Structure formats: structure tokens, C-alpha cells
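Q: with the sequence up front, the predicted model follows.
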Amino acid sequence: MEVDPIEKLFGELKGSFDTAEPTDGHRLRFLAKLEASATEKTKLKRNRVIWKPLTVAATLLLLCTIGYNYLYTSPSVQQQVSKISPEITNTEFYFASVIEDQIKKMQNESTPETQKLIADTMIQLRNLDSDYKKMERDLLDGGNSKLILSAMITNFQTRIDLLNEVLEQIEEIKNLKKYKNENITA
């Protein structure tokens, strides 16, 4: 018959068990250690009790801040301007698409002879765009809205006129180059 593993273990350990009586005062020392351990655990629990509400409050504050920033983001400058004057949004869209088309035409006509002219035009367009952004801010700050809206439209027209002039100059440069080449070959 098979021997139970636990009985086998106790059989092997027979005689090695400490069966002597503990020394005097052992019980008091054990109780003192137990009591010290209990007071230490009580202190840790008190610390946990204090920190728990603080961590919950910090978490709630963080969630509220994130929620507020997510839900109540301030409207963009474009949205604010369109609230003041809804027509400007349509006007701006129209002019921006015309300007974008002319810029593409201008860049498609780029040659070594016209690169400097195109680069200068792009710098002037950036300056006009920064002026436009200043006008938007002035409009939001409560300036004379009719005057500022008129200036904004004039800014767009100036950009279109500039691009038209540059496209004409590019055509002239192409024609001069073509004319020169015809005279040289003839």
C-alpha cells in the first residue's frame, strides 16, 4: 500500500522538531510585538484615510478640467468673424478660391527667368495675408465694422490685382523670350 506523502514527510522530520518550552517572558515579548505591529497598521490606515479623499478630489478636478477644455473651447477667429458678419465668410471663400487658382497658374508658369518675380510676389501675398489677419482681430476688438470689412475686401482685391499683374508680366517675359528666340534662329 502507498504511504501518504504527508506521513512520509513527518516520518522523515521525526526528532528534528523543537518541542522545548519557550523562555520566560516569551509571551509578553510576543504580545508587545503584536501590539506594535497593530499600532503601525493603524497609522498606515490613517494615512490611507487622509490620502484617499485627496486623490479622489485631484482626479475629479483633472477630469473636470479636461471636460471643460473639451466642451468649451473658444471659437476660432474665423467663427467669431462669421458671427459678426456672415457675408464675409462667403466673400472670403470666393476670393480665397480665386487667389488660390491664380497662385497655381503663376507657379505653373515658373521658369528660371520668372522665379525671382514669383518669390517676391509670394512675399507680398504673405504680407497682405498678415494685414488681413490684423484686420480680423481689429474687427473682433470692436472696431468700425463697416470700414474694416471694406478694408478686408480691398485686401482681397489687392491680392487678386497683384496676381493678375504678375501673370501679365510672366506672359510678357515668355513673349520676349519667344521673340528673341525667333530672331536668333532667323
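A: That came through fine. Computed from a predicted structure; not experimentally measured. Numbering: from 1, shown residues only.
Q: okay, CA-based contacts and neighbour counts for the rest of this
A: Fine.
Q: quick one: contacts for Ile99?
A: Applying CA atoms under 8 Å, 6 or more residues apart in numbering, we find Ile99 in contact with Arg159, Ile160, Leu163.
Q: contacting residues for the first one?
A: In other words, Arg159. Ile99, Leu125, Leu128.
Q: format the residues you listed as a markdown table; extra columns: pLDDT and secondary structure.
A: As requested, the contacts of Arg159 are exported to a markdown table (pLDDT from 0 to 100; DSSP: H, G, I helix; E, B strand; the rest coil):
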| residue | pLDDT | secondary structure |
| --- | --- | --- |
| Ile99 | 90 | helix |
| Leu125 | 92 | helix |
| Leu128 | 93 | helix |
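Q: ok so, going back, in TSV, list the contacts of Ile99 along with distance to Glu7.
A: Shown next, in TSV, are those (distance: CA to CA, whole Å):
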residue	distance to Glu7
Arg159	100
Ile160	102
Leu163	102
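Q: make a markdown table from these and add secondary structure to it.
A: Shown next, in a markdown table, are the contacts of Ile99 (DSSP: H, G, I helix; E, B strand; the rest coil):
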| residue | secondary structure |
| --- | --- |
| Arg159 | helix |
| Ile160 | helix |
| Leu163 | helix |
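Q: which member of those is positioned nearest Leu140?
A: Comparing the contacts of Ile99 against Leu140 with CA to CA places Arg159 closest, at 22.6 Å.
Q: what pLDDT is listed against the closest one?
A: pLDDT recorded at Arg159 is 93.
Q: from here on, call the first residue 403.
A: Yes, from this point I'll number from 403; that puts the last item at Arg561.
Q: pull up the gap between it and Glu570, please.
A: Distance of Arg561 to Glu570, given as CA to CA, to the nearest Å: 14 Å.
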